[in-house]
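[1] Only the shape, not the letters, is given here:
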């Protein structure tokens with residue numbers, strides 16, 4: 001019996017222990033579940049409250065902002081049209097538009113303004129139309145003014161262009177320039193002097209033909225080129241000669257000489273060319289232009305040329321290839337004697353024509369005491385000069401340096 005009781009007690013104890021362990025486990029699980037549930041619930045409640053707090057203020061601010069912007073835009077429009085300003089001024093005539101506008105700005109009630117707009121739509125529309133017409137009128141007036149200005153400017157420009165086209169340049173009058181040539185008075189006791197120059201000399205044959213004419217002829221040698229390499233050498237034993245200096249001709253002239261000076265050449269280029277001539281022809285003093293109708297008309301070009309000629313002790317003789325030549329002006333400026341051609345002998349290569357030109361030169365010489373005629377190394381020219389000695393009885397053929405006024 002005692003053993004049975006002890007066993008029973010042992011079982012009871014074991015059962016109690018088991019029961020207490022199960023209860024504790026259940027209670028622990030229930031407690032943990034309660035804590036988790038409460039935590040989750042609290043989190044969602046907090047999150048929801050936070051969203052409400054975060055969203056409520058910005059929504060109100062955004063609504064207010066949009067409302068304010070809408071009202072401000074309306075206010076800008078109505079301020080421009082001065083609708084409410086006029087209304088308030090009418091309500092209180094003692095207030096000036098300026099004070100009314102200030103009050104409008106400070107005390108705007110947009111709801112009242114909206115109702116006012118609804119009640120006065122027609123009047124406001126009229127004001128809007130009137131404002132548009134005013135703007136249109138201003139723009140139209142500006143366009144018309146701009147067009148008038150353009151028309152006036154165009155007229156002024158047209159007048160200026162016409163004036164520049166019709167304006168005559170003052171004619172160069174070399175008669176107003178007095179030189180030793182102009183002051184010369186011929187003494188009838190002395191025979192008139194006739195100078196005949198033959199240009200373009202470049203060969204030994206041409207030189208010999210000139211020397212065989214039988215009276216003094218001035219030779220004008222072309223500068224050496226690939227075509228006439230020996231012109232400077234041929235001139236060495238000639239007691240008196242000139243240099244025939246190539247200058248720019250008109251566009252109608254074809255085949256300019258190598259080394260021809262142009263009006264676009266700088267002073268340095270022109271001086272270098274003159275220096276080269278001095279080296280080739282150390283004994284020459286006079287130089288006349290080969291072609292040069294464009295060059296001799298140009299003040300700037302001739303000024304440069306005369307400056308270089310003076311530097312290297314040359315005297316310019318104007319072949320007068322252009323009636324507008326300014327050589328006389330620069331001869332005086334550089335203290336050189338003014339020497340100019342009177343006639344060309346052989347523009348027409350015909351015996352009678354050349355002889356008639358020679359007779360014309362003799363006539364001029366008898367009238368003023370001297371004359372200069374220029375020819376070229378053509379066989380027909382040499383023939384006329386050889387066979388016209390009988391025409392020279394009343395004049396004295398001389399070299400250029402024997403002109404009576406030099």
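    Thanks, I have the structure now. Every value quoted in this text rests on a predicted model; they were computed, and no experiment measured them.
[2] going forward, measure contacts between C-alpha atoms and count neighbours the same way
    Noted.
[3] I'd guessed residue 196 sits against residue 402; true?
    No - Residue 196 is beyond contact range of residue 402, at 11.7 Å (criterion: CA atoms under 8 Å).
[4] who's more crowded, these two?
    Per other CA atoms under 10 Å, whichever of residue 196 and residue 402 has more neighbours is residue 196, with 27 against 12.
[5] Please name the bridge partners of the more buried one.
    Beta-bridge pairing of residue 196, defined through DSSP bridges, involves residue 373.
[6] can you pull out the strands in the stretch 301-406 of the chain?
    Taking DSSP state E, counting those that start in this stretch, the strands of the stretch 301-406 of the chain run over residues 315-318, 339-340, 343-344, 370-375, 396-398.
[7] An error on my part: the question was meant for the stretch 101-250 of the chain.
    Using DSSP E, counting those that start in this stretch, strands in the stretch 101-250 of the chain cover 193-201, 218-221, 241-247.
[8] and residue 381, how many neighbours does it have?
    Applying other CA under 10 Å, we find 19 residues neighbouring residue 381.
[9] Tell me which residues touch it, please.
    For residue 381, the contact set (CA atoms under 8 Å, 6 or more residues apart in numbering) comprises 345-346, 349, 351, 354, 375.
[10] Output the contacting helices and strands for the helix or strand where residue 269 lies.
    Assigned by DSSP states H and E, residue 269 belongs to helix 267-280. Where contact means 3 or more CA pairs under 8 Å, 6 or more residues apart in numbering; DSSP states H and E, helix 267-280 is packed against helix 299-311.
[11] and the helix it packs on with helix 267-280, angle?
    Angle of helix 299-311 versus helix 267-280, following axes from the mean of the first three to the mean of the last three CA atoms, to 10 degrees, is 40 degrees.
[12] which residues are contacting helix 299-311?
    262-267, 270-271, 274, 295-296, 315-316, 326-327, 330-331, 334.
[13] Among those residues, name the buried ones.
    262-263, 267, 270-271, 274, 295-296, 315-316, 326-327, 330-331 (16 or more other CA atoms under 10 Å).
[14] Next, format those residues as JSON lines and append pLDDT and distance to residue 250.
    Below are the buried ones among the contacts of helix 299-311 laid out as JSON lines (pLDDT from 0 to 100; distance: CA to CA, whole Å):
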{"residue": "262", "pLDDT": "97", "distance to residue 250": "11"}
{"residue": "263", "pLDDT": "98", "distance to residue 250": "11"}
{"residue": "267", "pLDDT": "98", "distance to residue 250": "21"}
{"residue": "270", "pLDDT": "98", "distance to residue 250": "19"}
{"residue": "271", "pLDDT": "98", "distance to residue 250": "23"}
{"residue": "274", "pLDDT": "98", "distance to residue 250": "22"}
{"residue": "295", "pLDDT": "98", "distance to residue 250": "9"}
{"residue": "296", "pLDDT": "98", "distance to residue 250": "11"}
{"residue": "315", "pLDDT": "98", "distance to residue 250": "24"}
{"residue": "316", "pLDDT": "98", "distance to residue 250": "20"}
{"residue": "326", "pLDDT": "97", "distance to residue 250": "16"}
{"residue": "327", "pLDDT": "98", "distance to residue 250": "17"}
{"residue": "330", "pLDDT": "98", "distance to residue 250": "21"}
{"residue": "331", "pLDDT": "97", "distance to residue 250": "23"}
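[15] from those residues, which is closest to residue 230?
    Of all these, residue 274 has the smallest distance to residue 230: 18.3 Å, by CA to CA.
[16] Double-check the closest one against residue 313; I have them as touching.
    No - applying CA under 8 Å as the test, residue 274 and residue 313 come out as separate, 10.0 Å apart.
[17] Now do the contacts for the spatially closest residue to residue 294 that is not a sequence neighbour.
    Spatial nearest neighbour of residue 294, excluding adjacent residues (CA to CA, 6 or more residues apart in numbering): residue 249 at 5.2 Å. The contact partners of residue 249, by CA under 8 Å, 6+ apart, come to 256, 291-295.
[18] again, 10 Å this time
    255-256, 260-262, 290-296, 321-322 (CA atoms under 10 Å, 6 or more residues apart in numbering).
[19] Likewise for residue 372?
    The neighbourhood of residue 372, defined by CA under 10 Å, 6+ apart, consists of 193-197, 319, 339-344, 361-362, 364-365, 397-400, 403.
[20] go on, residue 219?
    196-202, 206-207, 210-211, 235, 238, 240-244, 376-377, 399-400.
[21] Good, we can wrap up now.
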